[in-house]
Each structure stands twice: as C-alpha cells, then as structure tokens.
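Trainee: Fold the following and give me the result.
(one chain, ligands or ions: 1)
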Amino acid sequence: MLKSSGMNEFTADVCVVGGGPAGRALALALVREGCEVVLLEQHGPGRRAFRGESMAPDAVRLLDRLGVLEPLRDEALKVERLTVADGGRTVLRVDFSTFDYPYRYPLEIPQPVLLAALARATEAHGGCTVLERSSATELLRDGRRVAGVRAATPDGPAEVRAPLTVGADGRFSRIRTLSGLAFTQTPLERDVVWLKLPFPDAGDWDRLAYQVRIRGDRHGLFLPSADGLLRVGLNIPKGGFKELRARGVHALHKRLDELAPELADSARRALTGWYDTALLDIFSVEVPRWHLPGLVLIGDAAHTLSPVLGQGVNHALGDAAALAPIAAGALRPDQVPGASRALALERAMARFQRGREGDVKRSRGLQLRQERVFTFASPVAVALRRGVYRAVDTVPALRRRLMEPVYFPGQRRGASPEPAAPHSPADPGGTTEGRRAA
Ligand SMILES: Cc1cc2nc3c(=O)[nH]c(=O)nc-3n(C[C@H](O)[C@H](O)[C@H](O)COP(=O)(O)OP(=O)(O)OC[C@H]3O[C@@H](n4cnc5c(N)ncnc54)[C@H](O)[C@@H]3O)c2cc1C
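Mentor: Alright, predicted model coming up:
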C-alpha cells in the first residue's frame, strides 16, 4: 500500500528511478500487476529531443500487451520496407510483409509521444506516484539491502522506501554508479550525429522504408519519422564532433552530400546551425550482474547498446515486460510471507537477468558485427560486403537468418505471441499505412 508518511517521504512496493521507455513501461506493467509504484524522473514532461524512435515488431507486440498501441495508432508510422545501398547501388531489399509473424512491421513513434502514452495509461490505472523534476541522489540502505532512494525534488529532499528499487536511469546511470555494481564501458569506433530534414519529395524516397546508405567506411541511416520528417543518423569518427563543429556546419552538409547528394539543397536550408543536431557518443556498457539485494538495473542502465539496428528501446521495453510479473510475484505477501520475501526477491531478480541477458548479448553481437562491416574501406573488403548483402538479398533463407534475430527474437521463440488487435498499427491489414506520410 502506498502511503506518504510525511511531506517528503514515500513508501511503495517498487521505486523506479527514470522515466524513459524502460521506467515508464515498467511502472505501467507493475500497476497492472497490482503493485504500488513511485517513479522519479529528473526532467519535466516532454523534454526529449533525439532519441530512439524505432520500435521493432517485438516491441510493438509488447506495447500492444501493455494496452498502449491502439491509442498510439494515429501518431505512429508503420514501416514496411528496408533497403541497404552500398556505393550508390541497392544491394539489399527487405519487405517486412514477407515475415510470417502476427507483428511483422516496425513502428516509428517519437519518444515524447510514447512516454506520454505510457504515462496516460499508468495514470488511468492508478497505483503510481510520479515525482517529476526529481532526481535520485543516494541509495538508502538497510544493512546490505538497498531500501530505496533519497532524491532532490522541487519540494525539497525526499525519501522513497521500497523493498525493490529499479535503476532505469539510462546510459549514464547514477544508480548503477551508486550501487557499486561492476561494469565495463567500451567506446565504439564512431559516434553518430542525428538531425532531421524535410522528407524529400523527389526520387526514390519511400516514406514507408528505412534506408541504410554506405560508401566506403562511411554510412548513414535515413529513417522516415512519424512527424513527416526524415531522421538522419550520420556516422563520424570517434570524438570527431568537436573537429566537425570547428569546421562549421557546412562540413556536416558535405558529409551528408557524400551519402545523399539529392538532399544537398534541403540540408543547406534546414540545417543552419549545430542546435539542429544531436550527438550520440557511442559506447557499449556491460554489467555482469544487474542486481543486488533490493535493487535491479534495467534498460540502458543495465546494457547500453549502439543505435545500429535500433535495439535500445526494444530492450528497454523487453526488460520492463519481463521484470514486472517476476517482481510482482516475489512481492505478493500472500505468496511470499515475511522474512523470506527478501530472498524470494533476490532469486526473482537473478531469474529476470537470466531470462533477458541472452537476447541482449545476441543484439550486442549482431551490432558489433554490423559495426565492423560498416568500417570496411579496402576495395576487397567493400566488394566482400556487397557480395554478402547481395546474397542475403537473393536467398530468402539467408534473409530470414539475418533479420529474424534482430526484429523478431521474442515472436520467433514463440514467447506467448498474441494476435494483433484489429486495426492496430501492427495489423498488416490495418489503416496506419501512409497516414502519417500524407
Ligand atoms: C541521441 C540519441 C539517439 C538514439 N537513437 C536511437 C535509435 O535510433 N534507436 C534505438 O533503438 N535507440 C536509440 N537511442 C537509444 C535509446 O534512446 C535508448 O536505448 C532508450 O531510450 C533506453 O531507454 P531507458 O529507459 O533505459 O533509458 P533513457 O531513455 O535514457 O531514460 C532514462 C531516464 O532516466 C532519467 N534519469 C536519469 N538519471 C536520473 C536520476 N538520477 N533521477 C531521476 N531520473 C533520472 C532521464 O532523465 C531519462 O528520462 C538513442 C539515444 C540517444 C541519446
């Protein structure tokens, strides 16, 4: 039972730190399981610019199970195809309709829209107290157990006490640091500059397709966005942003010209300063153990990934969906009495990590392999890369082998797939197609 035992003291079953996709989805899943939750988010609503917007089909399935897919229908864009071009020629085409799963299409959903939908559903359900503009600053301890957090809120300092604290506070997780859990951070070879441009009218630009364009050791992601714009992610050498910035915004225009010369005019009109861009410093974080007594990490806090193949948001949602029933089961007083609750929680968190880390490792492995392929520069290596993409393009079995672990790992395992609701954006026969593209 949630009670506020003083101005700034809260108790709950679960204290969630971080209101990104992982924290918000977890809060909703937990209240649906009957848990009382306090969620802390350091920012106010809507303060997110460039973040992952691509939901793989498995993530779409999770959103449907959380009951937030249908309300998002008008604000999501269903993506039907993916193409890879290398040296100006298309070497791979993927049509998502050819995959035989109930949820077969990725969706583009801006993060503020996704987070607002999760927040609305949680509020409508009840059971979650949200402390916005509130930052967790310390862990409360009860012997060796984590017992909650201390936080700075607009109303002054606060304490949130709970048998389970969840660090869902992202790639620079303070909870991870405060916990003392060991982790390794590995920089990847490049960073990414994100920007948005008007969607081009001309040429072969398809509003329902992801495009990956590679030229030598440079590549860019060109993703249709649900707001009708084109989201572009351009790779730059590690730490190269400072140098690029020093050379002026025209250096960025030139970099874009190499991959998409037809965007030259619109880029020069739309991109007049660095304030129109966001840098993603790419590194990977591995945390061998995600939990301590009374504490567990999820999402980017537990496993920061690279943006290749759009996996970060999907794993954040996957963690939330997996953790909620496990945590709720261990917290239920009727099933787990008194003193053994702490032990049951510890075992539950270990089970949660075991259940999730395989998928995360597979994504990390795929990303690292893909990253390496993107850096090929010698003529022989580039020819080999094109040959592999062409083989994948022409052999359906190879295509399935490459794409299914990225887009459908949950549905592939048959992890309780549920049919798409009629007219939901995931529904191949639904009405979303082209809606946002108009
Ligand atoms: C510029 C950029 C582009 C990206 N592009 C892609 C992409 O194309 N595809 C993709 O899949 N992924 C992408 N990502 C990664 C993706 O956004 C993340 O994987 C995903 O958001 C992880 O969700 P999360 O909830 O774990 O963490 P986050 O989304 O980082 O959310 C963490 C939340 O915790 C809050 N917080 C932090 N510290 C505290 C504290 N002490 N107290 C209270 N609250 C706190 C933060 O304000 C934040 O709201 C991108 C990320 C960035 C930054």
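Trainee: hmm, the longest helix seen in the chain touching the ligand?
Mentor: Taking DSSP state H as the assignment, the helix of the chain that covers the most residues is helix 340-374. No: against the ligand, helix 340-374 shows no contacts by CB under 6 Å from any ligand atom, the least distance being 9.8 Å. For glycine as for every other residue, the C-beta is placed from the backbone atoms N, C-alpha and C.
Trainee: Which helix or strand lies directly C-terminal to the helix or strand hosting residue 251?
Mentor: Following DSSP states H and E, one finds residue 251 within helix 249-259. Next along the chain after helix 249-259, taking DSSP H and E as the criterion, comes helix 264-270.
Trainee: residue contacts, whatever residue of the stretch 301-438 of the chain ends up closest to the ligand?
Mentor: Of all residues in the stretch 301-438 of the chain, the one sitting closest to the ligand is residue 312 (2.1 Å; CB to the nearest ligand atom). Each residue near residue 312 by CB atoms under 8 Å, 6 or more residues apart in numbering is listed here: 52, 299-300, 304-305.
Trainee: and the two most separated of those?
Mentor: Largest separation among the contacts of residue 312 by CB to CB: 52 and 304, giving 11.9 Å.
Trainee: Any chance of a ChimeraX selection covering the buried ones in the contacts of residue 312?
Mentor: Listed next is the ChimeraX selection for buried residues among the contacts of residue 312, using 16 or more other CB atoms under 10 Å:
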select :52,299,300,304,305
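Trainee: restrict the contacts of residue 312 to those near the ligand?
Mentor: Answer for the contacts of residue 312 near the ligand (CB under 6 Å from any ligand atom): 52, 299-300.
Trainee: buried set for the longest helix of the chain?
Mentor: Neighbour count says helix 340-374 has 341-342, 344-346, 348-349, 352-353, 356-357, 359-360, 363-364, 366-368, 370-371, 373-374 buried, by 16+ other CB under 10 Å.
Trainee: Stretch 288-297 now?
Mentor: Residues of stretch 288-297 classed as buried: 290-297 (neighbour count, 16+ other CB under 10 Å).
Trainee: Restricted to strands, list the residues you listed.
Mentor: 291-292, 295-297 (DSSP state E).
Trainee: shouldn't residue 276 be in contact with residue 195?
Mentor: Yes: with contacts counted by CB atoms under 8 Å, residue 276 reaches residue 195, the gap being 5.9 Å.
Trainee: More neighbours: these two, which one.
Mentor: The neighbour comparison of residue 276 against residue 195 (other CB atoms under 10 Å) goes to residue 195, with 20 against 15.
Trainee: Need the nearest residue in space to that one, chain neighbours excluded.
Mentor: Nearest non-adjacent residue to residue 195, counting by CB to CB, 6 or more residues apart in numbering: residue 277, 4.6 Å away.
Trainee: wait, the one you found sits on residue 271?
Mentor: Yes: using CB under 8 Å, residue 277 is in contact with residue 271, at 7.3 Å.
Trainee: secondary structure class for residue 160?
Mentor: Following DSSP: H, G, I helix; E, B strand; the rest coil, we place residue 160 in the strand state.
Trainee: For the ligand, see how far away it is.
Mentor: Distance of residue 160 to the ligand, computed by CB to the nearest ligand atom, to the nearest Å: 11 Å.
Trainee: where does this protein have low pLDDT?
Mentor: Across the chain, the ranges flagged by pLDDT under 70 are 1-7, 46-50, 333-339, 415-438.
Trainee: what residues does the stretch 151-300 of the chain put near the ligand?
Mentor: 168-171, 174, 194, 278, 280, 299-300.
Trainee: who wins for neighbours among those?
Mentor: The most crowded member of those, judged by other CB under 10 Å, is residue 168 (32 neighbours).
Trainee: For it, list the residues it contacts.
Mentor: With contact set as CB under 8 Å, 6+ apart, residue 168 has these partners: 16-20, 22-23, 26, 297-299, 301, 316, 320.
Trainee: repeat that with 6 Å
Mentor: By CB atoms under 6 Å, 6 or more residues apart in numbering, residue 168 lies in contact with 16, 18, 22-23, 298-299.
Trainee: Check residue 272 too.
Mentor: By CB under 6 Å, 6+ apart, the contact list for residue 272 is empty.
Trainee: Against residue 247, how distant is it?
Mentor: 15 Å (CB to CB, to the nearest Å).
Trainee: start to end distance for stretch 65-74?
Mentor: The first and last residues of stretch 65-74 sit 18 Å apart, counting by CA to CA, to the nearest Å.
Trainee: Now that stretch: buried residues?
Mentor: So, applying 16+ other CB under 10 Å, buried residues of stretch 65-74: 65-66, 68-69, 72-73.
Trainee: and of these, the nearest to residue 331?
Mentor: Proximity of the buried residues of stretch 65-74 to residue 331 (CB to CB) peaks at residue 66, which lies at 19.2 Å.
Trainee: Quick check: nearest residue in space to that closest one, chain neighbours excluded?
Mentor: Leaving aside its chain neighbours, residue 66 sits nearest to residue 28 (5.6 Å; criterion: CB to CB, 6+ apart).
Trainee: after the host helix or strand of the one you found comes which helix or strand?
Mentor: In the assignment (DSSP H and E), residue 28 maps to helix 21-32. Using DSSP H and E, the helix or strand that follows helix 21-32 in sequence is strand 37-41.
Trainee: Am I right that residue 259 is in contact with residue 213?
Mentor: Yes: counting by CB atoms under 6 Å, residue 259 does reach residue 213; the two are 4.5 Å apart.
Trainee: Is the residue nearest in space to the middle of the chain part of a helix or strand, or is it coil?
Mentor: Against the mean C-alpha coordinate of the chain, by CA atoms, centre = their mean, the closest residue is residue 313 at 1.2 Å. Secondary structure state of residue 313, per three-state DSSP, is helix.
Trainee: try residue 388
Mentor: Following three-state DSSP, the label given to residue 388 is helix.
Trainee: How many residues are close by it?
Mentor: When neighbours are defined as other CB under 10 Å, residue 388 has 15 of them.
Trainee: Residue 102 too?
Mentor: 16.
Trainee: Against the ligand, how distant is it?
Mentor: From residue 102 across to the ligand, the span is 22 Å (CB to the nearest ligand atom).
Trainee: Which element, helix or strand, includes the spatially closest residue to the residue nearest to the centre of the chain that is not a sequence neighbour?
Mentor: Leaving aside its sequence neighbours, residue 313 sits nearest to residue 52 (CB to CB, 6+ apart; 4.1 Å). Using DSSP H and E, residue 52 falls within no helix or strand.
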